[in-house]
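**Student:** make a model of this:
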Amino acid sequence: MRADAARNHQRIVDAALAAFEDAGPAVTLEEIADRAAVSVATLYRRFGNRDQVVRAAFDHVLSTEVEPVADARTDDAWHDLTGLLSAAVDSLSRRQGLLAVTREARVADVESVQRCVNSLRRMLDRAIEAGVVRPELEVRDLAAVISMTLSTVHPDDPEGLDRRRYLALLVDGLRPSPDTLPPPSARGR
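**Tutor:** As a prediction, the model looks like this:
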């Protein structure tokens with residue numbers, strides 16, 4: 001990518017993130033282009049459509065705020081795994097506008113979060129090997145923990161008390177148990 005194209009790409013992503021937080025899903029591509037100080041034609045040439053702008057903003061948050069936590073390793077596999085889950089939830093919960101527009105556009109699919117899924121897989125495999133989580137866990141279980149916790153985020157809880165409470169409850173279910181989890185559906189595989 002040319003240097004000017006890369007700068008425009010980042011300006012558009014940054015402007016989109018700010019616009020989604022300020023105006024939510026109702027923000028127009030014209031407003032994003034204005035905030036980025038680029039023409040609407042440049043925005044369309046770079047991204048093609050609104051969903052691609054949303055996907056790029058979501059990917060940016062994952063790659064800059066969540067994935068770096070996955071690279072941090074200690075001698076405690078449980079701490080590392082729960083730290084990654086907590087970081088993902090904390091990061092995404094601060095981005096309510098982005099979450100709303102991502103849900104609306106339905107762009108948070110497997111392709112969009114593949115790098116994050118790979119990070120989760122590495123953490124999960126390490127935790128299973130260390131015996132600190134249920135051996136039958138799958139990566140999609142961790143993604144569901146993140147998603148379920150994010151569903152508890154609401155504006156009347158600015159300190160995130162509910163988010164932390166429900167993440168703790170869900171994370172506790174990851175610990176080893178004599179009872180095996182029921183198998184997941186084939187749909188999500």
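
**Student:** quick one: secondary structure of the nearest residue to residue 136 once chain neighbours are set aside?
**Tutor:** In this structure, residue 136 finds its nearest non-sequential neighbour in residue 181, 5.4 Å apart by Cβ to Cβ, 6 or more residues apart in numbering. Every residue, glycine included, has its C-beta placed from N, CA and C. Look at residue 181: counting by DSSP: H, G, I helix; E, B strand; the rest coil, its state is coil.

**Student:** repeat that for the one 4 residues further on.
**Tutor:** Using three-state DSSP, the three-state assignment for residue 185 comes out as coil.

**Student:** with residue 34 as the reference, measure out to the most centrally placed residue in the chain.
**Tutor:** By Cα atoms, centre = their mean, the chain has its centre lying nearest to residue 62, at 5.2 Å. Distance of residue 62 to residue 34, computed by Cβ to Cβ, to the nearest Å: 26 Å.

**Student:** quick check: buried residues in the strand or helix carrying residue 82?
**Tutor:** Here residue 82 sits within helix 77-93, counting by DSSP states H and E. For helix 77-93, the neighbour count (16 or more other Cβ atoms under 10 Å) marks 77-78, 80-90, 92-93 as buried.

**Student:** export the lengthiest helix in the chain to PDB, keeping only CA atoms.
**Tutor:** Across the chain, the helix with the greatest residue count (assigned by DSSP state H) is helix 3-23. In PDB, the C-alpha atoms belonging to helix 3-23 read as follows (Å, rounded to 0.1, in the frame of the first residue of the first chain):
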ATOM      1  CA  ALA A   3       2.200   5.700   2.000                       C
ATOM      2  CA  ASP A   4      -0.600   8.200   1.300                       C
ATOM      3  CA  ALA A   5      -3.100   5.300   0.900                       C
ATOM      4  CA  ALA A   6      -2.000   3.900   4.300                       C
ATOM      5  CA  ARG A   7      -2.300   7.300   5.900                       C
ATOM      6  CA  ASN A   8      -5.800   7.700   4.500                       C
ATOM      7  CA  HIS A   9      -6.800   4.200   5.600                       C
ATOM      8  CA  GLN A  10      -5.700   4.900   9.200                       C
ATOM      9  CA  ARG A  11      -7.400   8.400   9.200                       C
ATOM     10  CA  ILE A  12     -10.600   6.800   8.000                       C
ATOM     11  CA  VAL A  13     -10.500   4.000  10.600                       C
ATOM     12  CA  ASP A  14      -9.700   6.500  13.400                       C
ATOM     13  CA  ALA A  15     -12.500   8.800  12.200                       C
ATOM     14  CA  ALA A  16     -14.900   5.900  12.000                       C
ATOM     15  CA  LEU A  17     -14.100   4.800  15.600                       C
ATOM     16  CA  ALA A  18     -14.700   8.300  16.900                       C
ATOM     17  CA  ALA A  19     -17.900   8.700  14.900                       C
ATOM     18  CA  PHE A  20     -19.300   5.400  16.000                       C
ATOM     19  CA  GLU A  21     -18.700   6.400  19.600                       C
ATOM     20  CA  ASP A  22     -20.200   9.900  19.100                       C
ATOM     21  CA  ALA A  23     -23.200   9.000  16.900                       C
END
